[in-house]
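Trainee: starting from these lines, generate the structure:
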Amino acid sequence: MAGPPKKRSSAAKKERRTKRKVCSFCADKLPDINYKDVPRLRKYVSERGKILPRRISGNCAKHQRLLTVAVKRARIIAFLPFTSE
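Mentor: All right, here's what the predicted structure looks like:
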């Protein structure tokens, strides 16, 4: 025997939508992402040496792909470390 439907609190009814981060490369209108720009690339690499995903960094898909290539190139040339100590 099913009882009456339970009422949800007003807090549960509200959707939790966080504001979408804006791609910093689109906002700055940079022509390309350079592997030699180490300070900018370092912002998108975690303490463990991993590249931050799009949902965390806020980059658009196009710039996330370019960023990944630039970080990998910087690692090969030893501008950035592969892992942390």
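Trainee: name the nearest residue to the residue nearest the centre of the chain, ignoring sequence neighbours.
Mentor: Against the mean C-alpha coordinate of the chain, by Cα atoms, centre = their mean, the closest residue is residue 57 at 2.0 Å. Excluding the flanking residues, the one nearest residue 57 by Cβ to Cβ, 6 or more residues apart in numbering is residue 44, at 5.4 Å. For every residue, glycine as well, the C-beta is placed using N, CA and C.
Trainee: ok, the residue nearest to the centre of the chain - contacts?
Mentor: 21, 44, 64, 67 (Cβ atoms under 8 Å, 6 or more residues apart in numbering).
Trainee: mind checking which of the residues you listed are in helices?
Mentor: Secondary structure from DSSP state H places 64, 67 of the contacts of residue 57 in helices.
Trainee: will you turn the contacts of residue 57 into CSV that also has distance to residue 85?
Mentor: Output for the contacts of residue 57, formatted as CSV (distance: Cβ to Cβ, whole Å):
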residue, distance to residue 85
21, 29
44, 20
64, 27
67, 23
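Trainee: this protein: helices as residue ranges?
Mentor: With DSSP H as the criterion, the chain has helices at 10-13, 24-28, 38-42, 54-57, 61-76.
Trainee: if you compare those, which one is most tucked away?
Mentor: Ranked by mean neighbour count under mean count of other Cβ atoms under 10 Å, those are led by helix 61-76, which reaches a mean of 17.
Trainee: same for it, what does it pack against?
Mentor: Counting contacts by 3 or more Cβ pairs under 8 Å, 6 or more residues apart in numbering; DSSP states H and E, helix 61-76 is packed against helix 24-28, helix 38-42, helix 54-57.
Trainee: could I get the ones you listed as JSON lines with mean pLDDT and distance to residue 80?
Mentor: Below are the helices and strands packed on helix 61-76 laid out as JSON lines (pLDDT from 0 to 100; distance: least, Cβ to Cβ, whole Å):
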{"stretch": "helix 24-28", "mean pLDDT": "87", "distance to residue 80": "18"}
{"stretch": "helix 38-42", "mean pLDDT": "93", "distance to residue 80": "6"}
{"stretch": "helix 54-57", "mean pLDDT": "91", "distance to residue 80": "15"}
